[in-house]
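> I would like to see how this sequence folds:
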Amino acid sequence: AESPPQGSGGPANANPIPTSSLSGQQEPLGESFGAYKSPGLLHMSENAVTVDCNLQDNTDMTVKRNEPQLDLNCFSCKCPFTSTDRKAKLLRCLHNICEVCLQDPSISNAGKCPRCSLSIARDKVFDDFQVLEQLELNSLLHGELSPPCDECEENITTHRCLSCSTYLCQECHNQHARKKLTKEHTTRTLQQFRQEAANGSSELNLRAAERCPVADHHEQRLSMFCFTCNRLVCMQCVALEHPRPAHDSVKLEEAFARQEREWTDSLQDLSDQRTRLERALREAEGAQGALQFNVDQSRILIMEQFAVLRKALYDREQALLRELQDRCEAEAGKLER
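Numbers count the residues shown, from 1 in each chain. Just a heads-up that it's a prediction; the model follows:
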């Protein structure tokens with residue numbers, strides 16, 4: 001029989017694929033950052049979702065003015081989003097609906113996204129900060145928004161700090177300019193900020209850091225991340241409850257950079273595993289082809305052998321029948337004589 005063809009990769013004996021790099025005891029950083037105003041911007045369309053994120057510089061929390069127009073209407077009820085009663089809520093499928101529709105029995109009972117029918121995880125529903133920022137930007141452009149000072153929460157805003165994304169009154173702005181940690185920050189008057197927005201400035205900082213939810217730390221902003229506890233914390237939390245080295249607490253920009261490296265490593269591991277899987281698949285396909293070739297050749301060989309045997313049996317059968325006929329005729333001749 002003809003020898004079978006060789007598979008493209010030889011026998012399917014690829015090394016087992018390690019999965020330890022994708023598993024771990026620590027919850028992904030993104031789960032805790034979901035409730036925080038992450039510097040990444042999600043640009044959504046029907047066919048694609050892209051992320052625009054500079055993890056090397058935590059101050060680059062910007063709205064890109066040259067992005068396609070964001071849909072500011074709820075997909076379910078078609079009503080415009082607001083920053084109050086119809087706040088945009090981002091689902092885990094990256095589609096958004098208003099808060100009213102999210103609480104509607106027809107949607108909440110079904111538990112599925114009205115656009116793609118993916119199940120809604122209640123613990124994975126967050127404010128859609130991209131929509132909220134666009135609404136804020138629109139209000140700023142039309143002079144409808146006069147936000148209170150983020151520092152004292154009492155006086156009317158007169159300035160905007162582009163570095164830490166906060167609104168400041170005149171008094172807090174003066175203090176902001178004197179503090180050692182913030183004196184190098186870039187600030188704009190609210191009028192200048194609106195003017196830059198109206199002129200189509202390529203980058204506008206709108207995101208403000210969240211304040212610490214701990215009762216005695218409300219004046220502190222969530223500027224640190226504790227990897228040990230997997231949560232956002234303020235400087236006071238780090239000093240009192242998450243001290244180093246017992247806790248791995250770092251600044252947000254370092255946390256984002258570290259997470260970027262981990263995601264890059266995970267993506268590389270996935271890419272390597274995909275390469276190994278593709279090679280193993282090719283080898284399996286080659287082995288399967290070789291097996292099928294052997295089966296076909298064996299079938300042909302069996303059929304040929306049995307054809308030879310059938311011909312031999314037929315020839316023997318005919319010979320015996322002729323011999324029988326000859327003897328019969330010979331005996332009949334004797335009887336006639």
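> strands of the stretch 1-150 of the chain, start to end?
All strands of the stretch 1-150 of the chain, identified by DSSP state E, counting those that start in this stretch, fall at 41-44, 49-52, 62-64, 88-90, 96-98, 126-127.
> pLDDT weak spots in the chain?
By pLDDT under 70, the low-scoring segments of the chain are 1-69, 141, 143-146, 197-198, 200-211, 218-219.
> what do you get if the cut-off is 50, keeping everything else the same?
Where the chain drops to pLDDT under 50, the residues are 1-68, 202.
> now do the helices in it.
Assigned helices in the chain, in chain order: 29-33, 99-103, 105-108, 129-141, 170-178, 190-198, 235-240, 252-336 (criterion: DSSP state H).
> format these as CSV; extra columns: distance to R86 and mean neighbour count.
To be clear about C-beta, it is placed using only N, CA and C from the backbone, and glycine gets the same treatment. Shown next, in CSV, are those (distance: least, C-beta to C-beta, whole Å; neighbours: other C-beta atoms under 10 Å):
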stretch, distance to R86, mean neighbour count
helix 29-33, 25, 16
helix 99-103, 6, 17
helix 105-108, 14, 12
helix 129-141, 10, 18
helix 170-178, 31, 15
helix 190-198, 23, 15
helix 235-240, 34, 17
helix 252-336, 30, 12
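> among the ones you listed, which is nearest A121?
For the helices of the chain, proximity to A121 was assessed by C-beta to C-beta; helix 29-33 is nearest, at 11.1 Å.
> please report how far the closest residue in space to A246 that isn't next to it in sequence lies from A287.
Nearest non-adjacent residue to A246, counting by C-beta to C-beta, 6 or more residues apart in numbering: T228, 7.5 Å away. Distance from T228 to A287, counting by C-beta to C-beta, to the nearest Å: 48 Å.
> do E136 as well
61 Å.
> equivalent analysis for D326, please.
From D326 across to A287, the span is 58 Å (C-beta to C-beta).
> can you check E323 too?
To A287, E323 is 54 Å away according to C-beta to C-beta.
> just checking, D85 touches Q103?
No. Using C-beta atoms under 8 Å as the test, D85 is too far from Q103 to be in contact (10.7 Å).
> what's the burial count for R92?
When neighbours are counted by other C-beta atoms under 10 Å, R92 registers 15.
> try T82
Counted with other C-beta under 10 Å, T82 comes out at 16.
> got it, and the one 4 residues further on?
R86 has 18 neighbours, counted by other C-beta under 10 Å.
> contact partners for it?
74, 79-80, 98-100 (C-beta atoms under 8 Å, 6 or more residues apart in numbering).
> and of those residues, the nearest to A215?
E99 (26.4 Å).
> quick one: the closest one from T187, how far?
Distance from E99 to T187, by C-beta to C-beta: 33 Å.
> which residues touch the nearest residue in space to C116 that is not next to it in sequence?
Leaving aside its sequence neighbours, C116 sits nearest to C93 (C-beta to C-beta, 6+ apart; 5.3 Å). For C93, the contact set (C-beta under 8 Å, 6+ apart) comprises 113, 115-116, 118.
> state the distance from C93 to S271.
The value you get for C93 to S271, if C-beta to C-beta is used, is 25 Å.
> distance to L277 for the contacts of R86 - can I get that in CSV?
CSV is the format used below for the contacts of R86 (distance: C-beta to C-beta, whole Å):
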residue, distance to L277
C74, 41
C79, 47
P80, 47
C98, 42
E99, 43
V100, 46
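> widest-spaced pair of the residues you listed?
For the contacts of R86, the maximum inter-member distance is 12.9 Å, found between P80 and E99 (C-beta to C-beta).
> how deep is C74 tucked in, by neighbour count?
22.
> that one contacts C98, correct?
Yes. C74 lies in contact with C98 (C-beta under 8 Å); the separation is 4.0 Å.
> shared neighbours, the two?
Between them, C74 and C98 share the contacting residues 81, 86, 88, judged by C-beta under 8 Å, 6+ apart.
> would you mind measuring from the first one to I300?
For F81, the distance to I300 equals 71 Å [C-beta to C-beta].
> thanks a lot, catch you later.
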